[in-house]
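okay, here's the prediction I keep looking at, along with the sequence it came from:
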Amino acid sequence: MTRKSLGGIVWRAGGTASLLAALLAGCSKKPPPPGRYENTSFLFRITVPTTWAKQENLGKEVPVRFISPRDGDNDPFRETIEVRVEKLPGGFDTKMHAKAWLDNMQAMYREMMVLQQETVTVGGGDKMERVLFVLPKPSAQTAKVIAYLGVKGTRGFVILCTTLPAAYDAYAKTFDQICRTFQAY
(Lines give C-alpha, C1' and ligand atoms only; values in the text may rest on other atoms or scores of the structure.)
Protein backbone atom coordinates (compact mmCIF):
# COMPACT_ATOMS: atom_id res chain seq x y z
CA MET A 1 0.00 0.00 0.00
CA THR A 2 1.16 3.49 -0.74
CA ARG A 3 0.97 6.26 1.82
CA LYS A 4 0.37 9.91 1.05
CA SER A 5 0.25 12.90 3.33
CA LEU A 6 -2.54 15.30 2.54
CA GLY A 7 -2.76 18.33 4.80
CA GLY A 8 -1.25 16.47 7.74
CA ILE A 9 -3.51 13.42 7.25
CA VAL A 10 -1.86 10.20 6.20
CA TRP A 11 -3.89 8.24 3.65
CA ARG A 12 -3.37 4.75 2.44
CA ALA A 13 -4.51 3.86 -1.05
CA GLY A 14 -6.79 1.08 0.26
CA GLY A 15 -8.32 3.40 2.86
CA THR A 16 -8.99 6.03 0.21
CA ALA A 17 -10.85 3.51 -1.92
CA SER A 18 -12.95 2.43 1.07
CA LEU A 19 -13.74 6.03 1.96
CA LEU A 20 -14.65 6.82 -1.62
CA ALA A 21 -16.93 3.76 -1.82
CA ALA A 22 -18.68 4.78 1.41
CA LEU A 23 -19.22 8.34 0.16
CA LEU A 24 -20.61 7.12 -3.16
CA ALA A 25 -22.95 4.67 -1.42
CA GLY A 26 -24.41 7.56 0.56
CA CYS A 27 -24.91 9.54 -2.64
CA SER A 28 -26.72 6.70 -4.38
CA LYS A 29 -29.59 6.68 -1.87
CA LYS A 30 -32.78 7.16 -3.88
CA PRO A 31 -34.94 10.17 -3.08
CA PRO A 32 -38.50 9.39 -1.96
CA PRO A 33 -41.04 9.06 -4.76
CA PRO A 34 -42.99 12.20 -5.72
CA GLY A 35 -45.99 12.64 -3.45
CA ARG A 36 -44.47 10.65 -0.55
CA TYR A 37 -45.76 11.94 2.80
CA GLU A 38 -44.01 10.77 5.94
CA ASN A 39 -45.14 11.49 9.48
CA THR A 40 -42.35 10.90 11.98
CA SER A 41 -44.58 11.61 15.00
CA PHE A 42 -47.15 8.91 14.19
CA LEU A 43 -44.63 6.74 12.29
CA PHE A 44 -46.26 6.15 8.92
CA ARG A 45 -45.81 7.02 5.27
CA ILE A 46 -48.16 7.14 2.30
CA THR A 47 -47.78 8.28 -1.31
CA VAL A 48 -50.45 10.44 -2.97
CA PRO A 49 -50.61 12.18 -6.35
CA THR A 50 -48.70 15.47 -6.28
CA THR A 51 -51.82 17.26 -7.55
CA TRP A 52 -53.70 16.56 -4.30
CA ALA A 53 -53.70 19.28 -1.60
CA LYS A 54 -52.52 18.45 1.91
CA GLN A 55 -53.91 19.63 5.26
CA GLU A 56 -51.95 18.71 8.38
CA ASN A 57 -52.59 18.58 12.14
CA LEU A 58 -56.39 18.50 12.02
CA GLY A 59 -56.70 17.25 15.59
CA LYS A 60 -54.88 14.95 17.94
CA GLU A 61 -55.93 11.84 15.98
CA VAL A 62 -55.88 13.29 12.45
CA PRO A 63 -52.34 14.12 11.36
CA VAL A 64 -53.16 14.58 7.66
CA ARG A 65 -55.91 14.83 5.04
CA PHE A 66 -55.36 14.88 1.28
CA ILE A 67 -57.86 16.58 -1.02
CA SER A 68 -58.30 15.83 -4.72
CA PRO A 69 -58.17 18.60 -7.29
CA ARG A 70 -61.48 19.78 -8.72
CA ASP A 71 -62.72 17.78 -11.70
CA GLY A 72 -63.90 21.00 -13.33
CA ASP A 73 -65.68 24.24 -12.52
CA ASN A 74 -68.93 22.44 -11.67
CA ASP A 75 -67.37 19.83 -9.36
CA PRO A 76 -69.54 19.94 -6.21
CA PHE A 77 -67.28 17.75 -4.07
CA ARG A 78 -63.58 17.15 -3.60
CA GLU A 79 -62.60 13.60 -2.71
CA THR A 80 -60.55 13.16 0.45
CA ILE A 81 -58.18 10.68 2.02
CA GLU A 82 -57.80 11.19 5.76
CA VAL A 83 -55.36 9.31 7.97
CA ARG A 84 -56.43 8.86 11.60
CA VAL A 85 -54.27 7.37 14.32
CA GLU A 86 -55.88 6.02 17.49
CA LYS A 87 -54.29 4.74 20.68
CA LEU A 88 -55.39 1.13 21.25
CA PRO A 89 -55.14 -1.15 24.26
CA GLY A 90 -52.43 -3.79 24.02
CA GLY A 91 -53.41 -7.03 22.32
CA PHE A 92 -55.65 -5.49 19.65
CA ASP A 93 -55.17 -6.96 16.19
CA THR A 94 -56.47 -5.66 12.86
CA LYS A 95 -59.72 -7.66 12.93
CA MET A 96 -60.52 -6.53 16.49
CA HIS A 97 -59.76 -2.91 15.60
CA ALA A 98 -61.96 -3.08 12.49
CA LYS A 99 -64.85 -4.62 14.41
CA ALA A 100 -64.67 -2.07 17.24
CA TRP A 101 -64.42 0.82 14.77
CA LEU A 102 -67.35 -0.44 12.67
CA ASP A 103 -69.49 -1.06 15.77
CA ASN A 104 -68.81 2.51 16.89
CA MET A 105 -69.59 3.95 13.43
CA GLN A 106 -72.83 1.97 13.17
CA ALA A 107 -73.90 3.17 16.63
CA MET A 108 -73.33 6.79 15.55
CA TYR A 109 -74.77 6.42 12.03
CA ARG A 110 -77.65 3.96 12.17
CA GLU A 111 -78.28 4.38 8.43
CA MET A 112 -74.73 3.30 7.55
CA MET A 113 -74.67 0.38 5.10
CA VAL A 114 -71.59 -1.85 4.85
CA LEU A 115 -71.29 -3.08 1.26
CA GLN A 116 -68.05 -5.05 1.36
CA GLN A 117 -65.28 -6.06 3.76
CA GLU A 118 -62.03 -7.83 2.93
CA THR A 119 -58.44 -8.22 4.12
CA VAL A 120 -55.82 -6.57 1.88
CA THR A 121 -52.04 -6.23 1.94
CA VAL A 122 -50.54 -2.75 1.97
CA GLY A 123 -47.00 -1.39 1.64
CA GLY A 124 -44.48 -3.26 3.75
CA GLY A 125 -46.62 -6.41 3.73
CA ASP A 126 -48.95 -5.38 6.57
CA LYS A 127 -52.58 -6.54 6.51
CA MET A 128 -55.45 -4.09 6.74
CA GLU A 129 -59.20 -4.51 6.69
CA ARG A 130 -60.78 -2.71 3.72
CA VAL A 131 -64.41 -1.75 4.33
CA LEU A 132 -66.66 -0.12 1.72
CA PHE A 133 -69.75 1.58 3.08
CA VAL A 134 -72.38 4.20 2.31
CA LEU A 135 -72.91 6.91 4.88
CA PRO A 136 -76.22 8.73 4.35
CA LYS A 137 -76.08 12.22 5.78
CA PRO A 138 -79.49 13.80 6.37
CA SER A 139 -78.17 17.38 6.36
CA ALA A 140 -75.56 16.96 3.62
CA GLN A 141 -74.73 14.73 0.68
CA THR A 142 -74.60 10.96 1.01
CA ALA A 143 -71.00 9.74 0.94
CA LYS A 144 -69.47 6.51 -0.25
CA VAL A 145 -66.47 5.69 1.92
CA ILE A 146 -63.66 3.15 1.87
CA ALA A 147 -61.95 2.66 5.22
CA TYR A 148 -58.63 0.87 5.54
CA LEU A 149 -58.05 -0.21 9.13
CA GLY A 150 -54.82 -1.58 10.53
CA VAL A 151 -52.78 -1.97 13.71
CA LYS A 152 -49.11 -1.46 14.47
CA GLY A 153 -48.25 -2.03 18.13
CA THR A 154 -50.78 0.00 20.11
CA ARG A 155 -51.58 2.35 17.23
CA GLY A 156 -54.77 1.86 15.26
CA PHE A 157 -54.74 3.38 11.79
CA VAL A 158 -57.87 4.36 9.89
CA ILE A 159 -57.53 5.69 6.35
CA LEU A 160 -60.86 7.15 5.20
CA CYS A 161 -61.39 7.67 1.47
CA THR A 162 -64.54 9.70 0.81
CA THR A 163 -66.38 10.47 -2.42
CA LEU A 164 -69.92 10.90 -3.70
CA PRO A 165 -71.64 7.69 -4.83
CA ALA A 166 -71.79 8.92 -8.45
CA ALA A 167 -68.01 9.48 -8.51
CA TYR A 168 -67.06 6.26 -6.70
CA ASP A 169 -66.23 4.25 -9.83
CA ALA A 170 -63.94 7.03 -11.07
CA TYR A 171 -62.00 7.18 -7.79
CA ALA A 172 -62.05 3.61 -6.43
CA LYS A 173 -58.86 2.55 -8.24
CA THR A 174 -57.02 5.74 -7.22
CA PHE A 175 -58.05 5.29 -3.58
CA ASP A 176 -56.87 1.68 -3.63
CA GLN A 177 -53.52 2.54 -5.23
CA ILE A 178 -52.86 5.29 -2.69
CA CYS A 179 -53.89 3.24 0.35
CA ARG A 180 -51.80 0.27 -0.70
CA THR A 181 -48.69 2.51 -0.43
CA PHE A 182 -49.39 3.03 3.29
CA GLN A 183 -46.69 1.80 5.67
CA ALA A 184 -46.69 2.05 9.46
CA TYR A 185 -43.34 1.54 11.14
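Ah, there it is. Numbers count the residues shown, from 1 in each chain.

what's around V62, how many residues?
Applying other CB atoms under 10 Å, we find 16 residues neighbouring V62. For the C-beta atoms, the positions are set from N, CA and C on the backbone; glycine is no exception.

mind checking how far it is from W101?
14 Å (CB to CB, to the nearest Å).

count of residues packed around P49?
Neighbours of P49 using other CB under 10 Å come to 13.

wait, isn't it in contact with G35?
Yes - contact status for P49 versus G35: in contact at 5.7 Å, counting by CB atoms under 8 Å.

for A98, helix, strand, or coil?
helix (DSSP: H, G, I helix; E, B strand; the rest coil).

ok, G124 next?
helix.

my guess is it contacts K152, does it?
No - with contact defined as CB under 8 Å, G124 and K152 do not form a contacting pair (9.5 Å).

what is in contact with these two at once?
Common contact partners of G124 and K152 (CB atoms under 8 Å, 6 or more residues apart in numbering): 184-185.

neighbour-wise, which of these two wins?
Taking neighbours as other CB under 10 Å, G124 and K152 compare with K152 leading, 18 against 13.

now the more buried one. Nearest residue, chain neighbours left out?
Counting by CB to CB, 6 or more residues apart in numbering, K152 lies nearest to A184, which is 3.8 Å off, once chain neighbours are set aside.

separation between that neighbour and S68?
23 Å.

domain parsing of this protein, as residue ranges.
1-29, 36-184 (automatic domain parsing).

below-threshold pLDDT in this protein: ranges please.
1-29, 137-140 (pLDDT under 70).

do that again at 80, thanks
1-32, 76, 137-141 (pLDDT under 80).

where along it do the helices fall?
Per DSSP state H, the chain carries helices over the ranges 13-27, 94-108, 168-179.
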